[in-house]
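>>> quick one, structure for this:
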Amino acid sequence: MYLSAPILAAGREALSFPLAVSTPMLLTRIRPVALSLAIAVAVAACGKGEPPPAQGPGQVTVVTLKAQDVSLTRELPGRTTAYLVAEVRPQVNGIVARRLFTEGAQVTAGQPLYQIEDASYRAQANSARAQLARAEATAHAARLSARRIGELAKVDAVSQQDLENAVAAQKQAEADLGAAKAALDAAAVTLGYARITAPISGRIGKSSVTQGALVSAGQAEALATVQQLDPIYIDLTQSSAELLQLRRELAAGRVQDNQSLPVGIVLEDGSRFAQTGTLEFSEVSVDPTTGSVGLRVKVDNPDGTLMPGMYVRAVIGGGVRRDALRVPMQGIARDAKGETSAMVVGKDGKVEVRPVTVSRALDDTWLVESGLQAGDKVIVEGLQKIGPGMPVQATERGTATPAPATAPRPAAAGTDAS
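Just a heads-up that it's a prediction; the model follows:
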């Protein structure tokens, strides 16, 4: 409210009169001031009574839903497992003479790992070799004797009994020769066991024995363990309920099976592993204690980044949903009862509230099961300023927002428009 200069001057004059003025004179000087103040208040009140300018429709940002094929994935927890595991164990008794490998190194199949003192086994092999030589000599003599007696028997120079005895002696000598060869082979095998070699190629762990330790065949403790880590297995667990749901969707034709999708691996620190894996198989039985089904993924591990026992997460494909709808997460509201809904711009340009059913999260969107259809304009921004039935001006997300028209500001009451 603004007061003119004459009114302000009159007020100052009324307040500056002497206290000794008589009552009639006081009333005479106050009446003009009061009248001027009443007129100013009335003018100000008339200015406040003007209605505010009419507001236009609310500005909102929408996303128009489009049907598209969506690859359904599931992130499952799992542990890494070595592709091959072999425990190194002694097959003969003896004292460890030497350890022939470096702990934690890469070894190849057949590489010597331990040397057991083999003096006694070498002596047994030499004895078996000598027995073989004696058996060969005996067999050679028996063959010659049988040949001579056979020639004499043709001219009736010897009896038939002598011929039969010579043939039997030859066969016995041949059998002894075979037994000697087998004994030598057994002794050679035992001698070979004195040098323990790697059963598979892979990375070897720490040794449980040192030089001078006594080992025995069939002992419970392994000398070392060799594990092949390239490729490597990842054992996963999936809920049996999720598996049943996937099978129902496959049977209903809503999802097409796509087990050939590569499997992504997420490490413990949240980073993505460079290599992708393939699904090898799934168990045919459910674990009764956890209600889950086991899956196995094979993935290349050339740098040895994955080690047995690591916790990882696998992003595994669960099929392809045809003509699926994905709605941004900010466009879905959830009430206290857990029911979901979305605000949609109708054909008349007004806000509609739709009850919506969503199933799973795909990046920053929800997969729609019911309540929406292709072409719907879901409001994702400006939700705080609108309500059901309100007219709105919608702008597609990702496009320029038009500037709303602004009315000229009215001049303040009591001021000069010029």
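
>>> what's the domain layout of this structure?
Per automatic domain parsing, the structural domains of the chain span 5-48, 59-67+325-396, 71-82+229-321, 86-225.

>>> now tabulate those in TSV and tack on mean neighbour count and mean pLDDT.
All C-beta atoms are positioned from the backbone trio N, CA, C, and that covers glycine. Output for the domains of the chain, formatted as TSV (neighbours: other Cβ atoms under 10 Å; pLDDT from 0 to 100):
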stretch	mean neighbour count	mean pLDDT
domain 5-48	11	46
domain 59-67+325-396	16	89
domain 71-82+229-321	16	82
domain 86-225	15	94
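
>>> centre of the chain to stretch 348-360, how far?
Offset of stretch 348-360 from its chain centre (Cα atoms, centre = their mean, to the nearest Å): 32 Å.

>>> stretch 212-228 now?
A distance of 36 Å separates the C-alpha centroid of stretch 212-228 from that of its chain, computed with Cα atoms, centre = their mean.

>>> ok, and what's touching it?
82-96, 101, 103, 107, 113-114, 116, 196, 198-209, 308 (Cβ atoms under 8 Å, 6 or more residues apart in numbering).

>>> same check, this time on stretch 86-99
113-118, 121, 190, 193-194, 196, 198-200, 202, 204, 207, 209-219, 222-227.

>>> any idea how far that stretch is from the chain center?
How far stretch 86-99 lies from its chain's middle: 41 Å, per Cα atoms, centre = their mean.

>>> how far does that stretch stretch from start to finish?
Using Cα to Cα, to the nearest Å, one end of stretch 86-99 lies 18 Å from the other.

>>> any chance you could map the helices in the stretch 151-300 of the chain?
Using DSSP state H, counting those that start in this stretch, the helices found in the stretch 151-300 of the chain span residues 160-193, 240-252.

>>> separation between Asp303 and Phe273?
10 Å (Cβ to Cβ, to the nearest Å).

>>> correct me if wrong: Ala194 contacts Ile116.
Yes. Between Ala194 and Ile116 there is a contact at 4.4 Å, judged by Cβ atoms under 8 Å.

>>> which ones are touching Leu82?
Rather than Leu, residue 82 is Ala. Counting by Cβ under 8 Å, 6+ apart, the residues that Ala82 touches are Gly202, Gln227, Gln228, Leu229, Ile232, Tyr233, Pro308.

>>> quick one: which of the residues you listed is nearest to Ser370?
Nearest to Ser370 out of these is Tyr233 (Cβ to Cβ; 39.6 Å).

>>> secondary structure element holding the nearest residue to the closest one once chain neighbours are set aside?
Take Tyr233 and drop its neighbours on the chain: the residue closest to it by Cβ to Cβ, 6 or more residues apart in numbering is Thr81, 4.3 Å away. Counting by DSSP states H and E, the element that carries Thr81 is strand 68-88.

>>> what of Gln115?
strand 112-116.

>>> got it, and Arg129?
Using DSSP H and E, the element containing Arg129 is helix 119-154.

>>> and that helix, what other elements does it pack with?
When contacts are defined as 3 or more Cβ pairs under 8 Å, 6 or more residues apart in numbering; DSSP states H and E, helix 119-154 sits against helix 160-193.

>>> how far does the helix it packs on sit from the chain's center?
Relative to its parent chain, helix 160-193 has a centroid offset of 64 Å by Cα atoms, centre = their mean.

>>> for it, which helices and strands make contact with it?
helix 119-154.

>>> give me the angle between the helix it packs on and helix 160-193.
160 degrees (axes from the mean of the first three to the mean of the last three Cα atoms, to 10 degrees).

>>> begin at 749 from now on, thanks
Sure, I'll start counting at 749 from here, so that last one is helix 867-902.

>>> re earlier: given the strand holding Thr829, what are its sheet partners and their directions?
Applying DSSP bridges, strand 816-836 is found paired with strand 972-987 (antiparallel), strand 1059-1072 (antiparallel).

>>> check which element follows it along the chain.
Sequence-wise, the next helix or strand downstream of strand 816-836 (DSSP H and E) is strand 842-847.

>>> and Asp978, how far from Val1063?
Asp978 is 21 Å from Val1063, by Cβ to Cβ.

>>> ugh, wrong one, I meant Met1055
Distance, Met1055 to Val1063, using Cβ to Cβ: 20 Å.
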